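**Q** Show me how the following folds:
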Amino acid sequence: MAVSASVRLSATGIVKRFGDRTVLDGISVALDAHEVVALIGPSGSGKSTLLRCLNLLERIDDGQILLGGEDISDPRVKVDAVRARFGVVFQNYNLFPHLSVLSNVTLGLRKVKRVAKDEAEKRGLELLDRIGLADKAKVHPDQLSGGQQQRAAIVRAIATDPEVLLLDEITSALDPELVGEVLQLVRELGSDGATILMATHEMAFARDVAHRVLFLDGGRIVEQGPPAQLFGAPQQQRTKEFLARLSP
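**A** Numbering: from 1, shown residues only. Now for the predicted structure:
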């Protein structure tokens with residue numbers, strides 16, 4: 001399949017089943033380089049499963065995934081090498097509790113990219129300083145607030161300069177007052193030109209930051225478009241119903 005040179009990640013006809021249940025039903029999506037795309041939809045719509053399939057945490061049952069033009073859905077592909085090209089952040093931080101914040105942030109650089117410790121720590125400290133956590137470099141994650149832990153997890157994901165950043169409901173485990181600081185970091189990453197696919201329930205954030213929004217329901221993309229169009233003038237009845245339920 002021919003793919004435009006501007007496309008960083010492309011998935012075509014993705015099917016994923018768990019037993020008799022089809023969770024992804026022929027989903028196709030493409031991300032251009034430096035594009036921020038938001039996935040929205042009700043719980044169980046397939047958002048998290050799609051993200052896990054894209055970086056091979058789950059194997060697909062049908063379809064094709066291309067990363068930088070390479071078919072990474074080929075069963076012969078080296079899975080660990082592919083995953084090293086993604087940055088992934090989950091909703092529950094997943095920082096290693098026995099490591100310092102700096103060690104968490106530099107882990108991928110040292111173990112996957114084989115960067116020397118001194119060089120990795122220099123980059124790690126620069127990134128922590130950028131998000132206001134340089135003074136927390138030597139402490140352990142349990143000494144950070146939830147928002148600080150999630151920002152550290154995002155910094156860990158971007159430290160290796162991934163080709164695509166996958167964000168899975170990264171604010172859902174946070175207290176409301178901590179959500180803003182995490183979303184501000186994602187906003188800055190998008191402004192800096194990162195390629196991001198994010199599942200989110202923060203509709204205002206998706207409207208503000210995303211270049212394109214995809215509405216998933218029942219394992220299918222029901223509607224997609226620029227935020228102003230999808231939120232302001234949705235075309236599909238199911239999209240209208242979903243957004244109407246979110247209105248105060």
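
**Q** Report the next helix or strand after the helix or strand of the chain with the lowest mean pLDDT in sequence order.
**A** Lowest on mean pLDDT, DSSP states H and E among the helices and strands of the chain sits helix 176-191, with a mean of 88. Counting by DSSP states H and E, the next helix or strand C-terminal to helix 176-191 is strand 196-199.

**Q** which other helices and strands contact that following strand?
**A** Using 3 or more CB pairs under 8 Å, 6 or more residues apart in numbering; DSSP states H and E as the contact criterion, the elements in contact with strand 196-199 are strand 36-40, helix 47-54, strand 164-168, helix 176-191. Heads up, the C-betas are built off the backbone N, CA and C, glycines and all.

**Q** State the helix or strand in which the residue located most distally from the centre of the chain lies.
**A** Outermost residue of the chain with respect to the C-alpha centroid, by CA atoms, centre = their mean, is residue 118; its distance is 28.3 Å. Element membership for residue 118 (DSSP H and E) is helix 117-130.

**Q** relative to helix 176-191, how tilted is that helix?
**A** 120 degrees (axes from the mean of the first three to the mean of the last three CA atoms, to 10 degrees).

**Q** ok so, going back, ok, the residue farthest from the centre of the chain to residue 129 distance?
**A** 16 Å (CB to CB, to the nearest Å).

**Q** need the strands for the chain, in chain order.
**A** 7-18, 21-32, 36-40, 62-67, 70-71, 86-89, 164-168, 196-199, 212-217, 220-225 (DSSP state E).

**Q** Please name whichever of the ones you listed is nearest to residue 178.
**A** Nearest to residue 178, of all the strands of the chain, is strand 86-89, at 14.8 Å by CB to CB.

**Q** Partner strands of that closest one and their direction?
**A** Sheet pairing of strand 86-89 (DSSP bridges) gives strand 164-168 (parallel).

**Q** For stretch 89-100, buried residues please.
**A** Residues of stretch 89-100 classed as buried by neighbour count (16 or more other CB atoms under 10 Å): 89-91, 93, 95, 100.

**Q** Can I get it in PDB, CA atoms only?
**A** Output of stretch 89-100 as PDB, limited to C-alpha atoms (Å, rounded to 0.1, in the frame of the first residue of the first chain):
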ATOM      1  CA  VAL A  89       2.000   7.000  28.500                       C
ATOM      2  CA  PHE A  90      -0.800   5.200  30.400                       C
ATOM      3  CA  GLN A  91      -3.400   6.600  32.800                       C
ATOM      4  CA  ASN A  92      -1.700   5.100  35.900                       C
ATOM      5  CA  TYR A  93       1.800   6.600  35.500                       C
ATOM      6  CA  ASN A  94       3.700   3.200  35.600                       C
ATOM      7  CA  LEU A  95       6.800   4.700  37.100                       C
ATOM      8  CA  PHE A  96       9.100   2.200  38.800                       C
ATOM      9  CA  PRO A  97       8.700   2.800  42.500                       C
ATOM     10  CA  HIS A  98      12.200   1.600  43.400                       C
ATOM     11  CA  LEU A  99      13.900   4.000  41.100                       C
ATOM     12  CA  SER A 100      14.500   7.700  41.400                       C
END
